[in-house]
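Visitor: take a look and give me a structure for this.
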Amino acid sequence: MSTATKILILALDSVNLESLQPHLDGGRMPNLKGLMNGGVSGVLHSTIPAHTAAAWTTLSTGKSPGVHGVMNFRRFDPRAQQTRLNTTEDVPHKTVWQILDESGLHVGVVGQPQSYPARELKHGFAVTGFETPSTEAEFTWPKELKKEVLSRVPDFNFKSERIRDPGTGKDWTQWDDFSAGMDSLQDELENSHALNKYLATSRPWDVLFLYYQQTDPLFHKAWRWCDPATRGEDAARAARVDQFFARLDEMLGEILSLPHASGALVFGCSDHGHGPVHELVRVNGLLADLGFLKRGGLLTQATAALKRVAGQRLQKGFGIAVDWKSTRAYMPFEAIAGFIYFNRIGREPHGVVNEDASTLAREIVEALGKQKSPHSGRPLFDALMPLADAYPRHGAFDFPDVFALPARGINFVRKLSFGPAVEIPDENYKGTHRPEGFFVLHGAGVNAGKTAQASIADIAPTVLAALGKPVPHDMTGSVLTEFFTSGLVLTSGAASSFQAQGGADVYSDAEKALVEQRLADLGYVD
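Guide: Numbers count the residues shown, from 1 in each chain. I've put the predicted structure just below:
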C-alpha cells in the first residue's frame with residue numbers, strides 16, 4: 001500500500017533546529033512552522049563526515065559514504081598523492097531518482113550537490129549542483145533544458161566571487177563587507193528560487209527535489225550573527241539575518257502553495273547542522289608532536305622552497321615539507337572530519353609502514369584521544385575511529401585508515417606550521433558543520449505534531465516505500481514506518497548498483513581550478 005502519490009523534498013543546506021529556532025519563535029517562518037506542527041520533525045543525523053557532498057549523496061542513494069564512496073567534494077589517491085574532484089561517474093550506485101524514473105514516475109532534481117554531470121532520466125529533468133564548472137558546461141538533463149533555464153532565469157549562475165570578496169575586502173566584521181555579502185547571498189537565493197519555482201510549475205513531476213544552498217555560506221561566513229547565543233550582540237546584523245530567513249520562508253510558502261504541490265507528501269531536510277568555531281587544530285601538527293609525522297629538516301625545507309619558486313606543487317599541500325622516510329601517518333585533506341592515512345609500503349611513494357594496520361590505528365587513536373585544548377582544557381576530538389568502525393560496510397575505495405571527528409567548536413586545518421597545533425582563530429564570527437541536521441515530514445497519513453530523530457540515509461528508502469515501490473536490499477538507511485499513522489507495506493527490491501565510468505576525465509584543468517576556488521570561497525575546503 002502506498003501513502004503518497006506525489007513527494008516534494010525541500011532541501012535547506014546546513015540548517016538545524018538551533019539556527020531555525022529564533023525565526024520560528026519570532027514568527028518569521030510561519031510556513032515551516034506549519035509543516036512542523038502538522039507533521040513529524042526533529043534532528044536528522046548526518047553522515048561520517050558531516051559534509052555536504054557525503055550527506056547529499058547519501059540522501060540520493062540511501063547508502064552510507066562507506067558504500068557510495070563520497071566523503072568530500074574531492075577524493076584522494078595515496079599512490080599519486082593527489083586529490084581530484086568527485087563526480088557522479090565515481091558513484092557505482094543508482095540514485096533514488098533513477099530508481100523512481102525507471103518505475104515510470106516523473107522526477108525533477110534541481111540543484112542537488114554532487115550531481116554533476118547529470119545522469120539520464122527518461123521521464124524527468126535535472127539541474128546539477130554548484131560543483132558544476134559554469135553555465136557553459138552541460139548542466140541539465142535533458143540537455144536542451146539548459147537553453148530554457150538561461151532564457152527564463154537569465155541571472156542563474158554557479159559563481160561565488162561576490163561571496164568571497166563581497167565589498168572592499170573579505171572581513172565580514174566590517175559592515176560594508178557584511179552588507180555586501182548578505183546582498184550577494186540574497187541575490188543568489190532569489191536566483192535559486194526563481195529556477196525552483198519555474199521548474200516546479202513548467203514541468204510535470206511526481207517527485208521533486210528543490211535545493212536552497214545559501215544558508216550554508218551564510219553560516220560559514222557569519223555564524224556569530226545567526227547563533228541564538230551571540231546574535232544579540234549586533235542588532236543590525238541580526239536584523240539582516242532575520243530578513244534572509246523571513247524571505248526564505250516566503251519562498252517555501254510559494255512552493256507549497258503551487259497547485260501541483262497540493263496533496264504532496266513533503267520532506268523538508270538539511271544535510272547537517274552548524275555551530276561556532278572556537279579553535280583551529282592542525283591535525284598534522286599533532287601527528288608531528290606525537291611522533292607519527294616528521295617535519296622536514298632545513299635541507300628539505302630549502303628544496304621545497306626552490307620547487308615553489310620553480311612553480312612545482314609542494315608535497316601534499318602541507319605548507320611545509322615532510323620527511324616521509326620518518327613519517328608513519330599523515331592527513332592529506334580534511335572535510336569537517338580529519339582523514340588520517342598510513343604511509344604504507346607499496347602504496348605511498350615513500351612508504352615506511354609495514355606493521356599491522358590495526359596496531360598502528362589503536363596507537364594513533366589512543367594518542368590523539370588524550371589531546372586536550374591548551375586554551376579550554378577540553379578534548380580536541382569527539383571520536384577517533386579506524387575504518388572498520390566508521391564504515392562497517394565499505395567498498396574498495398581509498399578510504400582513510402583512521403577517521404578523526406572534531407569536538408564541538410573545533411575546525412581542522414590541513415597545513416603544517418612550525419607553531420602550535422592548536423590556535424584561536426583571528427575571525428570569531430565563522431561557523432563549521434555539526435552532525436545534527438533537521439527534518440520535517442508532513443502530509444496525509446503522517447503523525448501530526450510528533451518529535452523524532454532520523455538519519456539522512458533513511459530518506460531514500462522512506463520515499464520509495466511511501467510511493468509503494470520496492471526498497472533495494474543494499475540500502476543502508478531504514479524506512480521510517482513509525483512516522484506514519486497506518487504504517488507502510490515494505491517490499492525488498494534488487495540491489496541498486498550502477499555502472500559508473502570513473503570521473504577522472506570529467507573536468508578540464510581549468511574547470512577543476514574554477515570549481516576548487518568556488519569550494520574554497522564557500523567555505524568547503526581550506
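Visitor: need the helices for the stretch 1-150 of the chain, in chain order.
Guide: For the stretch 1-150 of the chain, the helices defined by DSSP state H, counting those that start in this stretch occupy 17-25, 30-37, 52-61, 65-68, 96-102, 145-152.
Visitor: which of those helices is buried the deepest?
Guide: helix 52-61 (a mean of 29; mean count of other C-beta atoms under 10 Å). (Glycine included, C-beta is placed from N, CA and C.)
Visitor: and that helix, what does it pack against?
Guide: helix 65-68, helix 96-102, helix 459-466 (3 or more C-beta pairs under 8 Å, 6 or more residues apart in numbering; DSSP states H and E).
Visitor: run the last query once more with 10 Å
Guide: The contact analysis (3 or more C-beta pairs under 10 Å, 6 or more residues apart in numbering; DSSP states H and E) places helix 52-61 against strand 7-12, strand 40-45, helix 65-68, helix 96-102, strand 207-212, strand 265-269, strand 329-335, helix 459-466.
Visitor: given the first one, what are its sheet partners and their directions?
Guide: Applying DSSP bridges to the sheet, strand 7-12 is found paired with strand 207-212 (parallel), strand 265-269 (parallel).
Visitor: I'd like to know which of the helices of the stretch 1-150 of the chain is closest to residue 340.
Guide: helix 65-68 (15.9 Å; C-beta to C-beta).
Visitor: what residues does the closest one touch?
Guide: Outside helix 65-68, the residues within contact range by C-beta atoms under 10 Å, 6 or more residues apart in numbering are 47-49, 51, 53-55, 57-58, 60-62, 71-72, 90-93, 95, 114, 387-388, 390-395, 397, 399, 457, 474-476, 498.
Visitor: could you name the helices and strands sitting against the helix or strand where residue 219 lies?
Guide: Using DSSP states H and E, the element containing residue 219 is helix 215-222. Under the contact criterion of 3+ C-beta pairs under 10 Å, 6+ apart, helix 215-222 touches helix 17-25, helix 161-164, helix 175-202, helix 235-256, strand 273-276, strand 431-434, helix 509-521.
Visitor: and the first one with strand 40-45, angle?
Guide: For helix 17-25 and strand 40-45, the angle between their directions (axes from the mean of the first three to the mean of the last three C-alpha atoms, to 10 degrees) works out to 150 degrees.
Visitor: mean confidence for helix 17-25?
Guide: The average pLDDT for helix 17-25 rounds to 97.
Visitor: chain center to that helix, what's the gap?
Guide: Put simply, helix 17-25 sits 21 Å off its chain's centre (C-alpha atoms, centre = their mean, to the nearest Å).
Visitor: most packed of the helices and strands packed on helix 215-222?
Guide: It is strand 431-434: most buried of the helices and strands packed on helix 215-222 by mean count of other C-beta under 10 Å, with a mean of 24.
Visitor: could I have the CA atoms of that strand written out in PDB?
Guide: Provided in PDB are the C-alpha atoms of strand 431-434 (Å, rounded to 0.1, in the frame of the first residue of the first chain):
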ATOM      1  CA  GLY A 431      30.900  28.600  11.600                       C
ATOM      2  CA  THR A 432      31.500  25.000  10.900                       C
ATOM      3  CA  HIS A 433      29.400  21.800  10.400                       C
ATOM      4  CA  ARG A 434      27.800  19.800  13.100                       C
END
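Visitor: sorry, back to before: so which of the helices and strands packed on helix 52-61 is nearest residue 344?
Guide: strand 329-335 (9.9 Å).
Visitor: what angle separates that closest one from helix 52-61?
Guide: 70 degrees.
Visitor: what strands line up against strand 329-335, and which way round?
Guide: In its sheet, and by DSSP bridges, strand 329-335 pairs with strand 337-342 (antiparallel).
Visitor: next SSE after the partner strand?
Guide: Counting by DSSP H and E, what follows strand 337-342 is helix 357-369.
Visitor: which strands or helices does that next one pack on?
Guide: Looks like helix 357-369 contacts helix 283-289, strand 329-335, strand 337-342, strand 381-386, helix 387-390, strand 402-406 (3+ C-beta pairs under 10 Å, 6+ apart).
Visitor: how about 6 Å then?
Guide: Packed against helix 357-369 by the contact rule (3 or more C-beta pairs under 6 Å, 6 or more residues apart in numbering; DSSP states H and E) you find strand 381-386.
Visitor: any chance of the helices of the stretch 1-150 of the chain in CSV, plus distance to residue 377?
Guide: Output for the helices of the stretch 1-150 of the chain, formatted as CSV (distance: least, C-beta to C-beta, whole Å):
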stretch, distance to residue 377
helix 17-25, 24
helix 30-37, 38
helix 52-61, 31
helix 65-68, 32
helix 96-102, 45
helix 145-152, 53
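Visitor: to residue 239, which of those helices lies closest?
Guide: Nearest to residue 239, of those and by C-beta to C-beta, is helix 17-25 at 11.7 Å.
Visitor: about what we covered before: what's the least confident stretch among the helices and strands packed on helix 215-222?
Guide: Among the helices and strands packed on helix 215-222, helix 161-164 carries the lowest mean pLDDT (a mean of 58).
Visitor: ok, the nearest residue to residue 242 once chain neighbours are set aside - contacts?
Guide: Distances taken as C-beta to C-beta, 6 or more residues apart in numbering place residue 28 nearest to residue 242, at 5.9 Å, with adjacent residues excluded. If you count contacts by C-beta atoms under 6 Å, 6 or more residues apart in numbering, residue 28 has them with 242, 245-246.
Visitor: quick revisit: among the helices of the stretch 1-150 of the chain, which comes closest to residue 186?
Guide: It is, among those and with distance given as C-beta to C-beta, helix 17-25, at 15.3 Å.
Visitor: CA atoms only for that closest one, dumped as PDB, please.
Guide: Coordinates of each C-alpha in helix 17-25 appear next as PDB, following Å, rounded to 0.1, in the frame of the first residue of the first chain:
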ATOM      1  CA  LEU A  17      16.900  23.500  15.000                       C
ATOM      2  CA  GLU A  18      19.300  25.800  16.800                       C
ATOM      3  CA  SER A  19      19.600  28.100  13.700                       C
ATOM      4  CA  LEU A  20      15.900  28.000  12.900                       C
ATOM      5  CA  GLN A  21      14.500  28.500  16.400                       C
ATOM      6  CA  PRO A  22      14.900  32.300  16.700                       C
ATOM      7  CA  HIS A  23      12.900  32.600  13.400                       C
ATOM      8  CA  LEU A  24      10.300  30.000  14.300                       C
ATOM      9  CA  ASP A  25       9.700  31.700  17.700                       C
END
